[in-house]
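J.: no sequence on hand, only this structure:
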């Protein structure tokens with residue numbers, strides 16, 4: 001499931017956090033909510049970025065999508 005499919009299933013607070021912190025490492029609680037909302041974490045998902053010592057990051061495509069959504073450009 002891609003970001004435009006699971007985004008509406010997130011809580012308002014999760015969407016607000018993702019908008020306010022776009023590009024930052026995603027906390028485990030938000031990531032858990034994304035997965036529960038239908039976001040499947042695999043290499044084919046356009047929203048999955050890098051994961052490392054600093055945490056999990058959304059892809060550039062996902063951060064661009066969130067910015068566009070926040071600006072009512074979707």
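T.: Perfect, I can see it now. This one's a predicted model, so the numbers in the text were calculated from it and none came from an experiment.

J.: alpha carbons only for contacts and neighbour counts from here, please
T.: Noted.

J.: now the helices for the protein?
T.: 3-6, 12-20, 28-36, 60-70 (DSSP state H).

J.: give me the buried positions along the second one.
T.: Spelled out, that is helix 12-20. Across helix 12-20, burial judged by 16 or more other CA atoms under 10 Å covers 14-15, 18-19.

J.: point to the residue nearest the middle of the chain.
T.: Nearest to the geometric centre of the chain sits residue 58, at 5.6 Å (CA atoms, centre = their mean).

J.: now do the contacts for that one.
T.: Contacts for residue 58 (CA atoms under 8 Å, 6 or more residues apart in numbering) come out as 23, 25-26, 47-50.

J.: hmm, which of the residues you listed are the buried ones?
T.: Among the contacts of residue 58, those classed as buried by 16+ other CA under 10 Å are 23, 25-26, 47-49.

J.: residue 1: which of these is nearest?
T.: Distance ranking of the buried ones among the contacts of residue 58 against residue 1, using CA to CA, places residue 47 first at 9.3 Å.
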